[in-house]
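I need the structure of the sequence given here:
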Amino acid sequence: MFQNSKNRHWLSAGSRTIGLGMLAAVMALPASAQERVQIEWWNAMGGRLEEIANKMVSDFNASQDKYEVVSVLKGNYEETMAAMVSAYRVGEQPAIVQAAERGFLTMLKSGAVKPVPALMAEEGYDTDWDNFVAPVAGFYLVDGKPAALPFNTSTPVFWYNADQFREAGFDAPAETWQELETQLYAMKEQGVTDCGMVLNSDFFWGLMENYAATHDQQWGTLANGFGGLGTEFVFNESELLTGHLERMSKWMDDDVLVQAGQGLSPSQLFVSGECATWVASTAAHSAVENGAEFDWSATFLPAEEGVELKNSTIGGGALWVLEGKSDEEYAAAAAFLDFVASVPTQVWWSKATGYVPVTNAAYDALTEEGYFDAHPTREVAILQLNRGEPTDNSRGFRFGNHNQAMQMLVEEVQKVWTGEKDAQEALDAAAARGNEVLRQYERLHAD
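Numbering: from 1, shown residues only. Take a look at the predicted model:
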């Protein structure tokens with residue numbers, strides 16, 4: 001209110017003294033009492049994760065007095081992406097947006113992002129990108145550096161009700177799908193549970209894409225899209241994947257594998273103790289720990305007999321910085337990203353959520369304090385992501401309009417559940433429909 005020199009002429013000598021005194025008083029106030037540079041972070045952190053994300057933001061805001069981050073929940077990943085696109089078109093985009101790993105190419109090719117390494121360098125942060133966990137950062141690499149800041153990183157793990165397995169006479173779930181099938185049918189026949197496994201809403205990720213990755217089965221050509229936009233889906237050519245889908249269909253017909261009914265979630269069915277097993281993200285730790293009243297545990301995804309498994313692939317999202325913001329807003333964004341990637345924040349975030357720490361330094365800190373000794377299921381995801389040497393089939397999936405193609409896969413698989421198609425027919429149709437999406441994307445982004 002005192003910065004406009006053009007208005008100072010009307011002050012009398014006395015009032016000028018008072019005015020200058022008030023200015024001095026304002027200047028003497030801590031920056032927290034003055035206006036901070038405010039930026040928005042649009043995210044998809046719903047439910048319990050929203051509380052944890054908001055706590056992280058409030059901790060950042062309290063850690064310094066220059067910037068204020070406002071966390072804005074925009075729904076799920078797809079809704080957040082749609083909101084960001086609409087806002088960008090009218091110049092009302094946030095400084096930072098969280099996007100799922102499936103949206104990588106969409107973000108990268110959008111022309112709307114400011115690469116995070118460039119931002120951090122411009123703002124004077126000496127970020128050690130080599131310190132980021134390789135299987136995590138590797139997915140986001142462009143020219144040797146991640147285009148976005150890896151954030152909520154997960155991978156699917158195998159959750160199980162240890163009490164029910166023991167009641168059925170088993171020490172733990174079998175390591176192979178064949179032996180696991182025997183166990184689940186035995187649990188049902190013995191009356192231990194009417195639900196051997198609940199099908200998660202993202203089964204296409206945990207039970208299909210990661211099945212292919214861990215079994216080193218080709219999902220798409222050109223290294224699953226890492227080699228260029230000319231990639232094609234070929235998952236329908238995998239005999240292992242087709243057989244796995246046939247097995248899941250059999251389990252569903254026999255009521256060993258069930259889908260959550262209306263008004264229920266897969267998480268609720270496992271956490272309540274109704275279903276014995278659940279393939280879901282390691283980020284489910286928060287829900288399971290807070291809700292399960294039985295002895296539970298988590299382990300690695302099962303293998304087909306005779307197969308040595310590769311690494312699983314990541315899910316979750318990253319933080320992208322958008323173009324069109326002021327220098328002050330970019331300074332705020334860089335400060336927040338630096339805070340997010342710091343060892344204390346990563347250690348706290350991983351403990352609070354079950355997500356994988358994104359830096360080696362944070363993982364080392366957790367290891368040194370004995371956290372994984374006390375919480376062994378928290379390390380399963382990290383060990384599974386680092387298992388073996390990644391191949392073109394296990395590095396991850398980088399497809400254009402991946403969400404659209406994935407939805408087509410889900411639609412076709414649902415026809416297997418209802419008996420309209422067999423597994424091979426459904427996978428053939430899903431690959432054909434998905435390839436049309438890939439060709440549309442390739443034409444749109446042709447050089």
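
pLDDT weak spots in the chain?
1-34, 447 (pLDDT under 70).

hey, which helix is longest across it?
If each helix of the chain is counted by residues according to DSSP state H, the longest one is helix 423-444.

For it, list every residue counted as buried.
Neighbour-count burial for helix 423-444 flags 423, 426-431, 433-435, 437-438, 441 (criterion: 16 or more other C-beta atoms under 10 Å). No exception for glycine: its C-beta is placed from N, CA and C like everyone else's.

can you list contacts of stretch 350-364?
With C-beta atoms under 8 Å, 6 or more residues apart in numbering as the test, stretch 350-364 has contacts from 49, 52, 55, 131-133, 136-137, 149-155, 281-286, 314, 316, 341, 343, 346-347, 349, 366, 371, 378, 381-382, 385.

Next: stretch 217-235.
105, 208-209, 211-213, 237-238, 240-241, 392-393, 395-400, 405, 427, 430-431, 434-435, 438, 441-442, 445-446.

6 Å instead?
212, 238, 240-241, 392-393, 397-399, 431, 434-435, 442 (C-beta atoms under 6 Å, 6 or more residues apart in numbering).

And the furthest pair within those residues?
Pairwise distances among the contacts of stretch 217-235 were taken by C-beta to C-beta; the largest, 27.9 Å, belongs to 240 and 442.

returning to what we had before: so what secondary structure elements neighbour the longest helix of the chain?
helix 239-253, helix 402-417 (3 or more C-beta pairs under 6 Å, 6 or more residues apart in numbering; DSSP states H and E).

just to revisit the earlier point, now, of the contacts of stretch 350-364, which are buried?
For these, buried by 16+ other C-beta under 10 Å: 49, 52, 132-133, 136-137, 149-155, 281-286, 314, 316, 341, 343, 346-347, 349, 366, 371, 378, 381-382, 385.

So residue 401 is in contact with residue 437, correct?
Yes: the criterion here is C-beta atoms under 6 Å, and residue 401 meets it with residue 437 at 5.1 Å.

Could you look up the SS state of residue 390?
When classified by DSSP: H, G, I helix; E, B strand; the rest coil, residue 390 comes out as coil.

so how far is residue 185 from residue 197?
11 Å (C-beta to C-beta, to the nearest Å).

More neighbours: which of these two?
In terms of neighbours (other C-beta atoms under 10 Å), residue 197 is the more surrounded of residue 197 and residue 185; the figures are 26 against 14.

and the gap between the more buried one and residue 320?
From residue 197 to residue 320 the distance is 35 Å (C-beta to C-beta).

same check, this time on residue 166
46 Å.

Please say which of those two ends up with more neighbours.
More neighbours surround residue 320 than the other of residue 166 and residue 320, with 28 against 13 (other C-beta under 10 Å).

Quick check: that one touching residue 112?
No: taking contacts as C-beta under 6 Å, residue 320 lies outside contact range of residue 112: 8.6 Å.

since we're on the residue nearest to residue 424 when sequence neighbours are not counted, how many residues are nearby?
With sequence-adjacent residues excluded and distances taken as C-beta to C-beta, 6 or more residues apart in numbering, residue 424 is closest to residue 242, at 5.4 Å. By the criterion of other C-beta under 10 Å, residue 242 has 18 neighbours.

Quickly list the domain ranges of this protein.
Following automatic domain parsing, one gets these domains for the chain: 35-153+315-368, 156-312+390-444.

any idea which of the helices and strands packed on helix 423-444 is most buried?
Comparing the helices and strands packed on helix 423-444 by mean neighbour count (mean count of other C-beta atoms under 10 Å), helix 402-417 ranks first with a mean of 18.

Okay, angle between that helix and helix 239-253 too, please.
Per axes from the mean of the first three to the mean of the last three C-alpha atoms, to 10 degrees, the angle that helix 402-417 makes with helix 239-253 is 60 degrees.

centre of the chain versus helix 402-417, how much separation?
Helix 402-417 sits 20 Å away from the centroid of its parent chain (C-alpha atoms, centre = their mean, to the nearest Å).

ok, back up a step: what about the buried ones among the contacts of stretch 350-364, which are in strands?
Counting by DSSP state E, the buried ones among the contacts of stretch 350-364 place 149, 150, 151, 152, 153, 154, 281, 316 in strands.

which two from those residues end up farthest apart in space?
149 and 281 (19.4 Å).
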